[in-house]
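[1] Return atomic coordinates for the entry below.
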Amino acid sequence: MKVVGDQLSTWAIAQKDKQKQDVFGRSAFNRYYYSAFLITRQMLGEFEDRWKSTAHREIPNLLRASVKRKVESRLKINVRTRIMTESEKSRFLMELKTSLNELAALLSEAYDVRIIADYEPEMLVTFEKKIISLRNYKLTSANNWPGRARAYCKTIRRVWKGCGLG
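    Numbering: from 1, shown residues only. Presented below is the predicted three-dimensional model:
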């Protein structure tokens, strides 16, 4: 998906026609969102098959609540059974909370932009100094969503497996 977003972004910047710039630009935002979403959905499906079908809007809540709760529960058991120390538990929790919160915030923001791109055609993209924006979101930032999602998912997976869930 990211490669499609990259190509749409390139086309949008190359356009002289404002309408084509708008269509390619908003489509690029959309593809970057879906790339980050699919990366996250794949990870969630590895954890719990039913989590793959979570509604887009609910994924940030699932990350902050269900994924966190499941790991916290396992970590408590690990400390109680002396599989790990309290300091190891704390380190895992800090890494987990940071990555879950960052990923949830990224997906919330990206979802908001996707909704604007898909359902608010009256909100046109702007083009200034070869930077395309939709409302106050820049396409150059959206380009980073998939890579950031991948990095957060990598950390979340490591914690998930490290505490014995995977």
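
[2] residue ranges of the helices in the protein, please?
    2-14, 18-47, 59-62, 68-80, 86-119, 139-142, 145-162 (DSSP state H).

[3] Can I get the ones you listed in TSV including distance to F127 and mean neighbour count?
    In short, each C-beta sits where N, CA and C put it, glycine included. Shown next, in TSV, are those (distance: least, CB to CB, whole Å; neighbours: other CB atoms under 10 Å):
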stretch	distance to F127	mean neighbour count
helix 2-14	8	17
helix 18-47	6	21
helix 59-62	30	18
helix 68-80	40	16
helix 86-119	15	17
helix 139-142	10	20
helix 145-162	20	19
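
[4] Format these as JSON lines; extra columns: distance to S133 and mean pLDDT.
    Listed next are the helices of the chain as JSON lines, based on distance: least, CB to CB, whole Å; pLDDT from 0 to 100:
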{"stretch": "helix 2-14", "distance to S133": "11", "mean pLDDT": "94"}
{"stretch": "helix 18-47", "distance to S133": "8", "mean pLDDT": "97"}
{"stretch": "helix 59-62", "distance to S133": "23", "mean pLDDT": "98"}
{"stretch": "helix 68-80", "distance to S133": "33", "mean pLDDT": "97"}
{"stretch": "helix 86-119", "distance to S133": "10", "mean pLDDT": "97"}
{"stretch": "helix 139-142", "distance to S133": "7", "mean pLDDT": "96"}
{"stretch": "helix 145-162", "distance to S133": "15", "mean pLDDT": "98"}
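
[5] Of all the ones you listed, which one is nearest V125?
    Among the helices of the chain, the nearest to V125 by CB to CB is helix 18-47 (3.9 Å).

[6] Output the contacting helices and strands for the closest one.
    helix 2-14, helix 59-62, helix 86-119, strand 126-128, strand 131-134, helix 139-142, helix 145-162 (3 or more CB pairs under 8 Å, 6 or more residues apart in numbering; DSSP states H and E).

[7] If we use 7 Å, what do you get?
    Judged by 3 or more CB pairs under 7 Å, 6 or more residues apart in numbering; DSSP states H and E, the packing partners of helix 18-47 are helix 2-14, helix 86-119, strand 131-134, helix 139-142, helix 145-162.

[8] Can you show me the CA trace of the last one as PDB?
    Put plainly, it is helix 145-162. This file holds the C-alpha atoms of helix 145-162, laid out as PDB (Å, rounded to 0.1, in the frame of the first residue of the first chain):
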ATOM      1  CA  TRP A 145       2.800   6.400   9.000                       C
ATOM      2  CA  PRO A 146       3.500   2.900   7.700                       C
ATOM      3  CA  GLY A 147       7.200   2.900   8.900                       C
ATOM      4  CA  ARG A 148       6.200   4.200  12.300                       C
ATOM      5  CA  ALA A 149       3.400   1.600  12.600                       C
ATOM      6  CA  ARG A 150       5.800  -1.100  11.700                       C
ATOM      7  CA  ALA A 151       8.300   0.000  14.400                       C
ATOM      8  CA  TYR A 152       5.700   0.200  17.100                       C
ATOM      9  CA  CYS A 153       4.300  -3.200  16.100                       C
ATOM     10  CA  LYS A 154       7.800  -4.600  16.300                       C
ATOM     11  CA  THR A 155       8.200  -3.400  19.900                       C
ATOM     12  CA  ILE A 156       4.700  -4.600  20.800                       C
ATOM     13  CA  ARG A 157       5.400  -8.100  19.400                       C
ATOM     14  CA  ARG A 158       8.700  -8.300  21.200                       C
ATOM     15  CA  VAL A 159       7.000  -7.500  24.500                       C
ATOM     16  CA  TRP A 160       4.100  -9.900  23.700                       C
ATOM     17  CA  LYS A 161       6.600 -12.700  23.100                       C
ATOM     18  CA  GLY A 162       9.000 -11.700  25.800                       C
END
